[in-house]
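Q: output the structure for:
(one chain, ligands or ions: 1)
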Amino acid sequence: MSRNILELVSARTVLLDGAMGTELMARGLPQGVCPELWNAERPEVVKGIHRDYFAAGADVVSTNSFGGSRTKLAAHGFEPRVSELNRAAARLAREAAPAGKYVAGSMGPTGKFLRPQGEFSEAQFEAVFAEQAEALSEGGADVLLIETQYDLREALCALRGARRASALPVFVTMTFNAFPRGYFTLMGDSVARCLQALEKDGAKAVGANCTLNSEAMAGLVKAMRPETRLPLIAQANAGQPVLGRDGGVTYSQGLEDYLRFVPDIIRAGANLIGGCCGTSPSFIKAMAESLERSPG
Ligand SMILES: [Zn+2]
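A: Numbering: from 1, shown residues only. Purely as a prediction, here's the structure:
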């Protein structure tokens, strides 16, 4: 591999990929089927999505392992396959990656709550994330990306678990809603609290993904920038999900409108940009062209 991903981040704006979930559905993943199962059963489809994102200009793609934690896989009866499905996720992205490009091992929320809201202890959560992080590292990830976190306590468990199990750098993105008093996670954590705690506990980049469209994300990046010295990540949704009559989901923000706010996101201080729900390889291609015109 050429250079370390952290060196790349310090050299220029880095382009991440867009959605995996909505792309899998577009390529035939039936509702209710575990997306991570396709790492084993439809590897060519998963690899094809990674290839499309690299071809669009992404520097980094995220593995198909967002729901690959033991707690999430248990919903499908796949707890015995945690290691297998996560290793396969990383391997597929690695195989799709051209020389000098990067693989981020994606880790989403457990889907459970810590005590007192839920049944889980912090030590249990930490072990869940450590197990997943270890498999993603073994499969060939370059960095671990803990994403869409709505509870700072859980995000810190994930960060500790990942750092315990792996020597790879760990990036963490939280998901925030916009309120008149500022931006807060579902559990009420403020931007300042989140970013400061994640930096203190050893994250190498922090930021936000999902929930907000690109216009709102530009505002959030502006609010995040003064709260950390770390590189900032921003991955906006393509607007809000809209349920179609056929049961399919589309997103409310079109490509043109999404793209209009990408320069604002970079100007506000984002160092790694990409898309979240509803974004596709065509969004990433347009973002790559926009970066070429005005590199950050
Ligand atoms: Zn999303």
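
Q: quick check: buried residues in the worst-scoring helix or strand of the chain on mean pLDDT?
A: Each helix and strand of the chain was given a mean pLDDT (mean pLDDT, DSSP states H and E); the minimum falls on strand 249-251 at a mean of 89. Within strand 249-251, the residues that count as buried by 16 or more other Cβ atoms under 10 Å are Tyr251. For glycine as for every other residue, the C-beta is placed from the backbone atoms N, C-alpha and C.

Q: in its sheet, what does that strand sit against?
A: The strands beside strand 249-251 in its sheet (DSSP bridges) come out as strand 241-243 (antiparallel).

Q: what residues does the strand it pairs with touch?
A: Under the contact criterion Cβ atoms under 8 Å, 6 or more residues apart in numbering, strand 241-243 has outside partners 249-252, 277-278.

Q: and the residue of the stretch 101-250 of the chain found nearest the ion, what is it in contact with?
A: Using Cβ to the ion, the closest approach of the stretch 101-250 of the chain to the ion is made by Cys210 at 3.2 Å. Counting by Cβ under 8 Å, 6+ apart, Cys210 touches 147-148, 175, 235, 237, 276-277.

Q: the least confident helix or strand of the chain near the ion at all?
A: No. Against the ion, strand 249-251 shows no contacts by Cβ under 5 Å from the ion, the least distance being 9.4 Å.

Q: just after that strand, pick out the following helix or strand.
A: Counting by DSSP states H and E, the next helix or strand C-terminal to strand 249-251 is helix 255-260.

Q: buried residues, that next one. List them.
A: Within helix 255-260, the residues that count as buried by 16+ other Cβ under 10 Å are 258-259.

Q: what's the distance between it and the middle of its chain?
A: Averaging C-alpha positions (Cα atoms, centre = their mean, to the nearest Å) puts helix 255-260 20 Å from its chain's average.

Q: what's in contact with the helix or strand that it is followed by?
A: Using DSSP H and E, the helix or strand that follows helix 255-260 in sequence is helix 262-267. Contact with helix 262-267 is made by 13, 214-215, 217-218, 221, 234, 236, 273, 287, 290-291, 294, 296, as judged by Cβ under 8 Å, 6+ apart.

Q: and helix 262-267, how far out from the chain middle?
A: Put simply, helix 262-267 sits 19 Å off its chain's centre (Cα atoms, centre = their mean).

Q: buried ones in it, by neighbour count?
A: Buried positions in helix 262-267, judged by neighbour count with 16+ other Cβ under 10 Å: 262, 264-266.

Q: how about these in TSV, adding pLDDT and distance to Ala40?
A: What follows is the buried residues of helix 262-267, written out as TSV (pLDDT from 0 to 100; distance: Cβ to Cβ, whole Å):
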residue	pLDDT	distance to Ala40
Val262	98	35
Asp264	98	41
Ile265	98	36
Ile266	97	38
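
Q: backbone dihedrals for the residue of the stretch 101-250 of the chain closest to the ion, please?
A: Torsion angles at Cys210 (phi, psi; degrees, to the nearest 10) stand at phi 60, psi -180.
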